[in-house]
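In: Coordinates for the following, if possible.
(2 chains)
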Amino acid sequence: MATPENKLAFDGGWEYDPAPESTDHVSLKKRYGLFIGGEFTAPQSGRYFDTINPATEEALARVADAGEADVDRAVRAARKAYSERWSRMRPKERGKYIYRIARILQERAREFAAIESLDGGKPIRESRDVDIPLAAAHFFYYAGWADKLDYAFPGRRARPLGVAGQVIPWNFPLLMAAWKIAPALACGNTVVLKPAETTPLTALKLAEVIADADLPPGVVNIVTGAGKTGAAIVEHKGVNKIAFTGSTQVGRLIMRALAGTPKKYTLELGGKAANIIFADAAIDQAVEGIVNGIFFNQGHVCCAGSRLLVQESVADEVIEKLKDRMQTLIVGDPLDKNTDIGAINSRMQLDKIASYLKVGEQEGGAMFQTACRLPKKGYWCPPTIFTGVAQSNRVVQEEIFGPVLAIQTFRDFDEALAKANNTPYGLSGGVWTDKGAKIFRMTSGIRAGVIWANTFNKFDPTAPFGGYKESGVGREGGLHGLDAYVDLGAR
Amino acid sequence: MSLAVIDNPFTYPDLSRVPAVDEVGINERVARFQSRSIKTDSKMAALRLVLSMIDLTTLEGQDTPGKVRQLCQKAIHLHDAMPGLPHVAAVCVYPNMVAVAKEALAGHDINIASVATAFPSGMSSREIKLEDTRMAVAAGANEIDMVISRGAFLAGDYRYVFDEIVAVKDACGDAHLKVILETGELGTLDRVRRASVLAMHAGADFIKTSTGKIQPAATMQVTLVMLQAIRDYYRATGRMVGMKPAGGISTAKLAIHYLVMLRETLGNAWMTPEWFRFGASSLANDVLMQIMKQTTGRYQSADYFSKD
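Out: Below you'll find the model as predicted:
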């Protein structure tokens, strides 16, 4: 009869056989140069580095490591293309090129999805259903704005800024490239973009698409490398605008470097979002929202719902259900269509996550991980939750950027709001309740750029995205995203 | 329901504690189940499991003893060209056909299910419904598929619905009781959840989506809501309740999606015909066709599979 032992069993029994996505259609070169002035060229630095598959630790390709001279070459190519072709082109024509990029991306979606999973470790289900379609959608969306800027800024004259230097992270490699490149091009700017050193391949494949779309040489330049290459772009005098997505730590360095220069900038930085579950929420769907909030993309998401705040009267129920749900998450081969959680992006990130797991336990938190079988090679972290933690715990305060959730309870509305806002970050948040009034009260109280109600981690090119406080400066996406790439002059 | 432990699983439930259901979230979860890719051995195992979970059904005004005997023959001999196949879980007929089915299935381990309680509308007096039930049981049915009074339920008279199920359960004696919610007439997922809770507390051994006479019949969405209700009830009481989606599941692919949903919602213990059934008439042949395809590598003509 009734006992607390009424557990559900999810291990053993009928299991899913491997269903790996084929990689026959993927073509990767052994070595990639820098995409400057419309063609791949060898780096003057002479250096290359390996980009590896985090699920197997095997090298996928060698990629050029751009030095200062290479960055300078890229900026010059971008400047030339800006002055001679792109800024002079009729906006409608610019739009046609961007539409063309979008269409080619859609046509090659399967190949891009496979490469994204190979290089970054994310499950093919996500690269196939989220990353690649959304990247194409961003190009489609901003292509439409190219000849309608007068309507975006009525009564103002929107002029391009010049050369945009863009540095993007490893969590959504192609999608972040699209977020950055599409609005820049639509507004008439040219681009020097640096993908992250652990995930350069889809950006380099995008360079092939850009060449196939016949964009004028130099409109988009893609240089690969690590932090030094990024710094060279940020500090280059020929760059008019910097767009960066990455850690708050690097964001601070960039702000320091840009202080006193005329460069415009947008920064999209870290987060530690509160996902707030009220007792009157649709509990089963809220549990699903917790899973999507923290385990999507291995938790490598700046807007991840990494802090769960759950009302105390339903806390036990929510945590039990969450644990059940976690048992059904499949961790493993990113190319398997049934994989829910893929590989951690790099050894460095795995070490960082592992150090936080230790910290969490030392601080007295109760850690729960699912008993999943992890592959022998590669970088893996099972889905993890911490209960019994408080605002003063580091796992509650700091961005872990992994599949690790810190769970706290609250008694009433005000306590939830206070805890949600008690963080230096302000990128995103989530609210789960059946009451519309509570949604409005909470969403207007949380100091964060994006707040989801009864859902989480939903993205659309038409929606602006960006942070309050230490989560960033400026907005990307939607109409607001155009603002970052135009000079509206004096009024 | 909250996960608070309940000592007597057969009491009138506190409906204020039935959680809300968010339709958008349900749709998303269903889409996730449908994105599971089931291949090779796990597909074969699933197909065989589906066959064993089928309640082979004929519920037509034009049914005849001959038609029912054909159906029973099919239930025993699904596809003799392929030896070693499981047989279906049950044959499901109207009460006046139960005796025919009982005779036709004699000596076989196949259950006899009968609809009752003025199926499919339930528009009759309680006395008639109970008599209908007793008649089916007396004729040999060991499973009774009853319908709830949707009119009373929609009018908010939950107590009437609860009491009626209790009474029918009593009339069933040892026969298993499946309670049909007729989700196509309930309108919202919140009501589906509430009706599921009522039925389980009133003594349902199974809860079932549909009569098959109303569209939409079974959908993955309503089935998921019902599975979640079963899970919470089990958590609270320790009593397992079975699930039967019925109507509209005619392809092997869709049936496998249901199994994925079952596995990831209730776990392994429910993955047997004892706890999960498909109410279907044409599903079996599609599953058989897929089994032959998996075995031989080729699709065979539909004419190689008997239609009874």
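In: burial count for the closest residue to A:G426 other than its chain neighbours?
Out: Ranked by Cβ to Cβ, 6 or more residues apart in numbering or on different chains and with sequence neighbours excluded, the top spatial neighbour of A:G426 is A:Y468, at 3.1 Å. (Glycine included, C-beta is placed from N, CA and C.) Using other Cβ atoms under 10 Å in any protein chain shown, A:Y468 has 18 neighbouring residues.
In: Tell me the residues on the stretch 201-350 of chain A that lie near chain B, please.
Out: Residues of the stretch 201-350 of chain A lying close to chain B (Cβ under 8 Å from any Cβ of the partner chain) are A:280-286, A:288-289, A:314, A:316-317, A:320, A:328, A:337-338.
In: repeat that for 6 Å
Out: Residues of the stretch 201-350 of chain A lying near chain B by Cβ under 6 Å from any Cβ of the partner chain: A:282-285, A:288, A:317, A:328, A:337-338.
In: B:R134 contacts B:G173, correct?
Out: No. Contact between B:R134 and B:G173 fails when scored by Cβ atoms under 6 Å: they sit 8.4 Å apart.
In: Settle it for me: which of those two has more neighbours?
Out: B:R134 (18 against 12).
In: Check which helix or strand the more buried one maps to.
Out: Assessed by DSSP states H and E, B:R134 sits inside helix B:126-138.
In: Show the contacting residues for the residue most central in space within chain A.
Out: Taking Cα atoms, centre = their mean, the centroid of chain A lies closest to A:F172, which sits 4.2 Å from it. A:F172 sits next to A:D131 when contact means Cβ atoms under 6 Å, 6 or more residues apart in numbering or on different chains.
In: In chain A, where is pLDDT below threshold?
Out: For chain A, the stretches with pLDDT under 70 are A:1-5, A:491.
In: The residue of chain A found nearest chain B: helix or strand, and which one exactly?
Out: As assessed by Cβ to the nearest Cβ, chain B sits closest to A:Q285 within chain A, at 2.8 Å. Per DSSP H and E: A:Q285 is located in helix A:283-295.
In: and what of A:K419?
Out: Applying DSSP H and E, one finds A:K419 within helix A:413-421.
In: Mind listing what's buried along that helix?
Out: A:413, A:416-417, A:419-421 (16 or more other Cβ atoms under 10 Å in any protein chain shown).
In: Just the C-alpha atoms of that helix, please, in PDB.
Out: Output of helix A:413-421 as PDB, limited to C-alpha atoms (Å, rounded to 0.1, in the frame of the first residue of the first chain):
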ATOM      1  CA  PHE A 413       6.000  36.100  -4.000                       C
ATOM      2  CA  ASP A 414       8.300  38.700  -2.400                       C
ATOM      3  CA  GLU A 415      10.900  36.200  -1.300                       C
ATOM      4  CA  ALA A 416      11.000  34.700  -4.800                       C
ATOM      5  CA  LEU A 417      11.500  38.100  -6.400                       C
ATOM      6  CA  ALA A 418      14.100  39.100  -3.900                       C
ATOM      7  CA  LYS A 419      16.100  35.900  -4.500                       C
ATOM      8  CA  ALA A 420      15.700  36.200  -8.200                       C
ATOM      9  CA  ASN A 421      17.200  39.700  -8.300                       C
END
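In: and after it, which helix or strand comes next?
Out: Following helix A:413-421 in sequence, per DSSP H and E, is strand A:428-432.
In: quick check: angle from whichever helix or strand comes after that following strand to strand A:428-432?
Out: Heading C-terminal from strand A:428-432, the first helix or strand you meet, by DSSP H and E, is helix A:436-445. Calculated by axes from the mean of the first three to the mean of the last three Cα atoms, to 10 degrees, helix A:436-445 forms an angle of 160 degrees with strand A:428-432.
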